[in-house]
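Student: 3D model of this:
(one chain, ligands or ions: 2)
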Amino acid sequence: MAVTKKVGILGATGTVGQRFILLLAEHPIFTIHALGASPRSAGKAYKDAVRWKQSRPIPESVAQLVVTACEADLFKDCDVVFSGLDADIAGDIEMAMLKNDIAVFSNAKNYRRDPTVPLIVPTVNSNHFDLIAHQRTLNKLNKGFLITNANCSTTGLVVPLKALQDAFGPMSHILVNTQQAISGAGYPGVPSLDILDNVVPHIGGEEEKMEWEVAKILGGIAQDKKELHHLQDTIVSATCTRVPVLDGHLETVSVKFANGSPSVEEVYKVLEEYTSDAEKLGCFSAPQKPIVVTYDPDRPQPRLDRENLKGQAVTVGRVRKCPVLHIKFVLLVHNTVLGAAGSSVLNAEIAVAKGLI
Ligand SMILES: NC(=O)C1=CN([C@@H]2O[C@H](COP(=O)(O)OP(=O)(O)OC[C@H]3O[C@@H](n4cnc5c(N)ncnc54)[C@H](OP(=O)(O)O)[C@@H]3O)[C@@H](O)[C@H]2O)C=CC1
Ligand SMILES: N[C@@H](CC(=O)OP(=O)(O)O)C(=O)O
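Tutor: Numbering: from 1, shown residues only. Ligands and ions are numbered 1, 2, ... in the order given. Alright, predicted model coming up:
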């Protein structure tokens, strides 16, 4: 039987934290060891601290665990710390964990632009783990390191883009429009009077994140493994909206390729056949395949497709020629699974498989 690793969850009471609890409560190699949240929650049993919003009940093994403050000393016995912390406080807390030589998997935006921190979508760029040796040298660490997840909308976008880039070469232009679920705004999130019977065509900072993160994730790594190379010649334009859906971000995408357009049939084939290292490494949470292709004319849809392959796959459909660029399609990503906690857990499984933890 595999040796189990002790894990801590920071921000365990939040929207992303609750997903971590569900994904980790019966995990074959990770055992929940410590739960952290704000001073408001510290000292309480998890069931009393959390406002549980999941359709499955709080796992029994977690309900009575006492939530602590997010102090590095209290997590020093953990092999891995997953962070679902609010970005306002994630920076300092995650850095304190890293300085204590702990492996940190962050969902927050704070370190995504740090050139020494890989921004990893597990079914896209797990090769960026190769930067960790250099990061450890820079920070004088033995076993600790820090990696971040991408923004949830970016995560959905880069999975099919990676398949297309591998097959057809660089893309010069990418236009994306998102319809994002309310769970993306955390709890209590968007007021009901703003979102019911409505669409809000603004999510602060989201478009800038999407436009920037794609280039880091789809870029390469230097031969000496000390630097990430961002894409230079790909322009991304994003428009992000909030819609009255609970979970699942829908995105409409148009792409122009630098070397000319593939056919719709070629694109479908490439999406169908795309594989990632996560499956090849045999990771427990890896989807059977990173992309579920739908040929139904009215899919993907959030309510019907967000749970595909347990929320770890991106569903893509409606591939057709774009009269302005080259190819357009629709995708759906589960924002709190692959878009957040699910990516972190799968990234940690990859790190274990690569011998980094
Ligand atoms: N929701 C989503 O789909 C996605 C979210 N993210 C990112 O993940 C992170 C978490 O988001 P989300 O779960 O939605 O946010 P929530 O607001 O639902 O949860 C925030 C968590 O942070 C904790 N917290 C707040 N203040 C402090 C503090 N001073 N010290 C310690 N802990 C504190 C809260 O604890 P308490 O309950 O005690 O207040 C809670 O556990 C954010 O950085 C977000 O940007 C990334 C991708 C997708
Ligand atoms: N902003 C996203 C969720 C999120 O928190 O993203 P980020 O981790 O990039 O701040 C949404 O509203 O759906």
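Student: hey, which helix is longest across this structure?
Tutor: The single longest helix within the chain, with elements called by DSSP state H, is helix 152-168.
Student: Could you identify the helix or strand that succeeds that helix?
Tutor: The C-terminal neighbour of helix 152-168 among helices and strands, as given by DSSP states H and E, is strand 171-180.
Student: Show me what that next one is packed up against.
Tutor: For strand 171-180, the packing partners by 3 or more C-beta pairs under 8 Å, 6 or more residues apart in numbering; DSSP states H and E come out as helix 152-168, helix 206-217, strand 235-242, strand 249-257. Bear in mind the C-beta positions are built from the backbone N, C-alpha and C, glycine included.
Student: Pull out the buried positions in it.
Tutor: Buried residues in strand 171-180, counted by 16 or more other C-beta atoms under 10 Å: Met171, His173, Ile174, Leu175, Val176, Asn177, Thr178, Gln179, Gln180.
Student: Report the beta-bridge partners for the last one.
Tutor: Beta bridges link Gln180 to Arg242 when assigned by DSSP bridges.
Student: tell me which residues in the longest helix of the chain are buried?
Tutor: By 16+ other C-beta under 10 Å, the buried positions in helix 152-168 come out as 152-165, 167-168.
Student: just checking, what packs against it?
Tutor: strand 171-180, helix 206-217, strand 249-257, helix 264-273, strand 291-294, strand 314-321, strand 327-333.
Student: Let's see that with 6 Å instead.
Tutor: Packing partners of helix 152-168 (3 or more C-beta pairs under 6 Å, 6 or more residues apart in numbering; DSSP states H and E): helix 206-217, strand 249-257, helix 264-273, strand 314-321, strand 327-333.
Student: Mind putting those into JSON lines with mean neighbour count and distance to Thr294?
Tutor: As requested, the helices and strands packed on helix 152-168 are exported to JSON lines (neighbours: other C-beta atoms under 10 Å; distance: least, C-beta to C-beta, whole Å):
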{"stretch": "helix 206-217", "mean neighbour count": "21", "distance to Thr294": "23"}
{"stretch": "strand 249-257", "mean neighbour count": "22", "distance to Thr294": "12"}
{"stretch": "helix 264-273", "mean neighbour count": "16", "distance to Thr294": "10"}
{"stretch": "strand 314-321", "mean neighbour count": "21", "distance to Thr294": "4"}
{"stretch": "strand 327-333", "mean neighbour count": "25", "distance to Thr294": "9"}
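Student: which stretch among the ones you listed comes nearest ligand 2?
Tutor: helix 206-217 (5.0 Å; C-beta to the nearest ligand atom).
Student: Ligand 1 contacts on the stretch 201-350 of the chain?
Tutor: Contacts of the stretch 201-350 of the chain with ligand 1, taken as C-beta under 6 Å from any ligand atom, map to Asn335, Thr336, Gly339, Ala340.
Student: Contacts only, for the third one.
Tutor: When the contact criterion is C-beta atoms under 6 Å, 6 or more residues apart in numbering, the partners of Gly339 are Cys152, Thr155, Val333.
Student: out of everything not next to it in sequence, what's closest to the first one?
Tutor: Read that as Cys152. Leaving aside its chain neighbours, Cys152 sits nearest to Gly339 (3.0 Å; criterion: C-beta to C-beta, 6 or more residues apart in numbering).
Student: what about the strands in the stretch 51-200 of the chain?
Tutor: Assigned strands in the stretch 51-200 of the chain, in chain order: 67-69, 80-83, 103-106, 145-148, 171-180 (criterion: DSSP state E, counting those that start in this stretch).
Student: between those, which gets nearest to ligand 2?
Tutor: For the strands of the stretch 51-200 of the chain, proximity to ligand 2 was assessed by C-beta to the nearest ligand atom; strand 171-180 is nearest, at 4.4 Å.
Student: Give me every residue in the stretch 51-200 of the chain lying close to ligand 1.
Tutor: Going by C-beta under 6 Å from any ligand atom, the residues of the stretch 51-200 of the chain near ligand 1 are 70, 84-87, 89-90, 107-109, 152, 183-184, 186-187.
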